[in-house]
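J.: the following block contains a protein sequence and its predicted model.
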Amino acid sequence: MIIEGICDLNIFFQKPMTNSDKCVIMISNMTISDNLRGVRQMEEVKAVSILHRNKTSGWFGTDYNMNLYRGCCHGCIYCDSRSDCYGIGDFDSVRCKANSLEILRDELRRKLHTGVIGTGAMSDPYNPYEEKALLTRHALELIDAYGFGCAVLSKSALMTRDIDIFLAIKEHSPMMCKLTVTTADDELCRKLEPNVSVSSERFEALAKMSDSGLFTGITMMPVLPFIEDSEENIRSIVRLGHEAGVRFIYPAFGVTLRNTQREYFLRSLDEIFPGEGLSHKYIHRFGNSYECTCPNVKTLWKAFTEECEKYGILYKMQDIISASKLGYEYDQMSLFE
């Protein structure tokens with residue numbers, strides 16, 4: 001089945017557009033290369049809403065959350081979104097949300113106040129399908145047209161494709177570009193996050209976005225206990241981030257685990273690191289705890305903050321939010337919207 005929609009930006013944007021400004025969105029039965037695990041043809045799922053208002057703007061200054069896709073095929077062994085509480089069955093298969101752009105357009109048009117829209121929390125907006133599907137790109141065009149800001153999180157270097165739209169949004173609203181990096185070692189990255197850009201490619205993408213003048217940074221989370229929790233790794237990430245021109249790095253020295261996600265993670269450890277007994281270490285140290293904090297968290301935090309201070313990199317959430325919104329004056333959302 002082919003899902004095809006012709007989105008006339010004359011209608012979307014409420015202003016005359018040239019033919020080159022009209023977007024044609026075509027999502028077909030694409031398949032991803034055989035080296036991607038657990039990926040099948042992309043299906044569509046019903047969506048009632050695309051924008052969801054956050055309770056607060058304390059997480060990177062975002063007022064709304066947006067997910068255009070459901071599921072993720074990056075194969076990250078620790079992903080919290082595998083947890084039963086989210087109700088995402090067959091998580092490794094990517095599905096698009098039907099009529100997502102039309103729904104997004106209507107929701108943006110109805111808002112009385114602008115704000116910052118976050119994306120990348122439950123599914124990566126730059127999964128391999130996005131290269132041809134262009135859902136994220138067209139959603140960003142709508143966000144720009146309606147005067148909203150955006151904070152994008154990904155692990156894919158494909159994110160640099162949309163620098164032109166990021167810059168357009170930056171002209172009127174806060175625009176934040178984030179890439180997750182938890183290890184400076186590409187070989188280890190391939191084991192933990194097998195189906196997406198390796199760390200060195202992400203640093204290159206960060207440099208490209210930073211050089212373009214975008215507010216760019218790293219989410220260094222989760223730092224996996226017994227695997228990534230060395231001072232050398234932490235200092236290397238900060239140093240490489242500095243060389244890439246990032247403005248901020250926000251860390252989490254540990255990982256959260258629950259129900260089916262924990263089972264998947266522990267099983268993956270035994271498969272990827274045979275004979276090292278890592279799953280037993282986790283069970284012995286953390287049991288069924290939700291928060292699994294690195295045993296040497298104080299040492300890691302000290303090393304991390306020393307490096308950030310040395311390079312002038314922001315690492316406190318409020319400082320990051322304030323810096324991202326510096327110079328912008330826009331209406332805050334109404335509590336009664």
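T.: Cool, the structure landed. For clarity, every value in this text was computed on a predicted model and none was experimentally measured.

J.: for the record, mean pLDDT for whatever helix or strand Glu232 lives in?
T.: Following DSSP states H and E, the helix or strand that holds Glu232 is helix 231-243. In this model, helix 231-243 has an average pLDDT of 98.

J.: which residues in the stretch 201-337 of the chain form helices?
T.: Taking DSSP state H, counting those that start in this stretch as the criterion, the stretch 201-337 of the chain contains helices spanning 231-243, 259-272, 278-286, 297-311, 317-325.

J.: dump those into TSV; add distance to His52 as well.
T.: Heads up, the C-betas are built off the backbone N, CA and C, glycines and all. As requested, the helices of the stretch 201-337 of the chain are exported to TSV (distance: least, Cβ to Cβ, whole Å):
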stretch	distance to His52
helix 231-243	30
helix 259-272	22
helix 278-286	31
helix 297-311	31
helix 317-325	19
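
J.: if you compare those helices, which one is most tucked away?
T.: When the helices of the stretch 201-337 of the chain are scored by mean count of other Cβ atoms under 10 Å, the highest mean neighbour count falls to helix 231-243 (a mean of 19).

J.: contact partners of that one?
T.: For helix 231-243, the external contacting residues (Cβ atoms under 8 Å, 6 or more residues apart in numbering) are 181-185, 203, 206-207, 217-218, 220, 223, 249, 251, 299-300, 303-304, 307-308, 311, 313.

J.: minimum distance to Pro128: which of the helices of the stretch 201-337 of the chain has it?
T.: Using Cβ to Cβ as the measure, helix 259-272 is the one of the helices of the stretch 201-337 of the chain that comes nearest Pro128, at 20.4 Å.

J.: got any ranges where this protein has weak pLDDT?
T.: Counting by pLDDT under 70, the chain shows low-confidence ranges at 1-42, 85-87, 329-337.

J.: quick one, helices of the stretch 1-150 of the chain?
T.: In the stretch 1-150 of the chain, helices defined by DSSP H, counting those that start in this stretch lie at 9-13, 100-110, 130-133, 135-145, listed in chain order.

J.: circling back: how about the helices of the stretch 201-337 of the chain, which one is nearest Ala168?
T.: The closest approach between Ala168 and any of those, judged by Cβ to Cβ, belongs to helix 317-325 at 16.5 Å.

J.: chain center to the closest one: distance?
T.: Mean C-alpha position of helix 317-325 versus that of the full chain (Cα atoms, centre = their mean, to the nearest Å) differs by 18 Å.

J.: and the angle from the helix holding Glu232 to helix 297-311?
T.: Angular relation of helix 231-243 and helix 297-311 on a 0 to 180 degree scale: 30 degrees, by axes from the mean of the first three to the mean of the last three Cα atoms, to 10 degrees.

J.: ok, the nearest residue to Thr305 once chain neighbours are set aside - contacts?
T.: Counting by Cβ to Cβ, 6 or more residues apart in numbering, the nearest residue to Thr305 once its immediate chain neighbours are dropped is Tyr315, at 6.6 Å. Shown here is Tyr315, whose contacts under the criterion Cβ under 8 Å, 6+ apart are 248-251, 304-305, 308.

J.: just give me the closest of those to Met175.
T.: Using Cβ to Cβ, Phe248 comes nearest to Met175 of the contacts of Tyr315, at 13.6 Å.

J.: what's across from that closest one in the sheet?
T.: With beta bridges defined as DSSP bridges, Phe248 has these partners: Gly217, Leu314.

J.: how many residues are close by it?
T.: Neighbour count of Phe248, defined by other Cβ atoms under 10 Å: 24.

J.: any idea how far it lies from Pro174?
T.: 13 Å (Cβ to Cβ, to the nearest Å).

J.: likewise Glu107?
T.: Taking Cβ to Cβ as the measure, Glu107 and Pro174 are separated by 19 Å.

J.: the more surrounded of the two?
T.: When Glu107 and Pro174 are compared for neighbours, Pro174 comes out ahead with 24 against 17, by other Cβ under 10 Å.

J.: rewinding a little: which of the contacts of Tyr315 lies closest to Thr56?
T.: If you rank those by distance to Thr56 using Cβ to Cβ, Tyr250 comes first, at 16.3 Å.

J.: so what's the residue count around Leu135?
T.: The burial count for Leu135: 21, using other Cβ under 10 Å.

J.: wait, doesn't it sit right on Leu68?
T.: Yes - in terms of Cβ atoms under 8 Å, Leu135 counts as a neighbour of Leu68; the distance is 4.6 Å.

J.: and for the two, which residues touch both?
T.: Here Leu135 and Leu68 have 96, 100 as joint contacts, going by Cβ under 8 Å, 6+ apart.

J.: so how far is Gly71 from Asp81?
T.: Careful, residue 81 is Ser and not Asp. Ser81 sits 8 Å away from Gly71, going by Cβ to Cβ.

J.: find the residues that touch each one of the two.
T.: 88, 91, 123.

J.: how about the contacts made by the second one?
T.: Listed by Cβ under 8 Å, 6+ apart, the contact partners of Phe91 are 71-72, 79, 81-82.

J.: format the residues you listed as a markdown table; extra columns: neighbour count and distance to Ile117.
T.: As requested, the contacts of Phe91 are arranged in a markdown table below (neighbours: other Cβ atoms under 10 Å; distance: Cβ to Cβ, whole Å):
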| residue | neighbour count | distance to Ile117 |
| --- | --- | --- |
| Gly71 | 24 | 20 |
| Cys72 | 23 | 19 |
| Cys79 | 20 | 22 |
| Ser81 | 17 | 19 |
| Arg82 | 23 | 25 |
